[in-house]
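Asks: below are the sequence and a predicted model; questions follow.
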Amino acid sequence: MRALIGLLLIASLISGCTNQGNSKLVSAISAAEAYKRTQLEADFFEYSDEAMLEQIRSREDQLRPLTTDSFFQKKSADRMFVYALDIAQIKKKDLRLSDLAFEERETDDSSVIKLNYEGLLEIGDENMAVSGRIELIEDGEKWKVKYDSYNLKDFMKIIDDSILERAAR
């Protein structure tokens, strides 16, 4: 009888740990998805310097709570959060992220979750594959992005081609 109770107790502890781990993973993926959608989705709008500044401020206000302070400061200074807005203006189309899927990567730090991701960025009728790696760190009861690397070259090509086209005129 004691052995049975002991086995049930161990099984319940293992199940509890597994459920807690799954809960953390689900929360981290939810935070990663919110970050990627906020970062990459954009609406086309009638351009003016004032409207663009307002869009940038709004985007940064939405992204700040989803990221660590150091990651936010670095990416904001690099203008990484503006690329989707730029592409929406260049293409004159809304940008929507679809088919976003995450896969957990191994980590030896229980306060960090590492994920691979891929999805499609719909730019009007065009689609562009998006893929990368993202790391989130547990901050209290929230997960925050501390690292994100994705196929930025594809985004930069659209922006660079637009600059070259304007320069050639």
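Replies: Alright, I've got the coordinates. Values in this document were obtained by computation on a predicted structure and should not be read as measured data.

Asks: among the helices and strands of the chain, which one scores worst on average pLDDT?
Replies: Counting by mean pLDDT, DSSP states H and E, the chain has its least confident helix or strand at helix 2-40, which shows a mean of 68.

Asks: can you name the next helix or strand after that one?
Replies: Per DSSP states H and E, the first helix or strand lying C-terminal to helix 2-40 is helix 49-63.

Asks: mind giving me the packing neighbours of that following helix?
Replies: helix 2-40, helix 69-77, helix 83-91 (3 or more Cβ pairs under 8 Å, 6 or more residues apart in numbering; DSSP states H and E). Yep, even glycine has a C-beta here, placed from its N, CA and C like the rest.

Asks: flag every buried residue along the second one.
Replies: Yep, that's helix 69-77 we're talking about. 71-72, 75-76 (16 or more other Cβ atoms under 10 Å).

Asks: could I get those residues as JSON lines with distance to E165 and pLDDT?
Replies: Shown next, in JSON lines, are the buried residues of helix 69-77 (distance: Cβ to Cβ, whole Å; pLDDT from 0 to 100):
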{"residue": "F71", "distance to E165": "33", "pLDDT": "97"}
{"residue": "F72", "distance to E165": "32", "pLDDT": "97"}
{"residue": "K75", "distance to E165": "27", "pLDDT": "94"}
{"residue": "S76", "distance to E165": "27", "pLDDT": "92"}
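
Asks: name the nearest of these relative to L97.
Replies: Nearest to L97, judged by Cβ to Cβ, of the buried residues of helix 69-77 is K75 at 17.4 Å.

Asks: check contacts around the closest one.
Replies: By Cβ atoms under 8 Å, 6 or more residues apart in numbering, the contact list for K75 reads 67, 81, 148.

Asks: bridging residues for the nearest residue to the first one once chain neighbours are set aside?
Replies: When you say that, I think you mean T67. Nearest residue to T67 in three dimensions, chain neighbours excluded: V145, at 4.6 Å (Cβ to Cβ, 6 or more residues apart in numbering). In this structure, V145 bridges to T67, L136 when assessed by DSSP bridges.

Asks: can you tell me how far V145 is from P65?
Replies: 10 Å (Cβ to Cβ, to the nearest Å).

Asks: counting neighbours, go ahead and name the busier of the two.
Replies: V145 (23 against 13; other Cβ atoms under 10 Å).

Asks: and the gap between the more buried one and D139?
Replies: Here the criterion is Cβ to Cβ. By it, V145 lies 10 Å from D139.

Asks: what's the answer for E54, then?
Replies: 28 Å.

Asks: who's more crowded, those two?
Replies: D139 (15 against 12).
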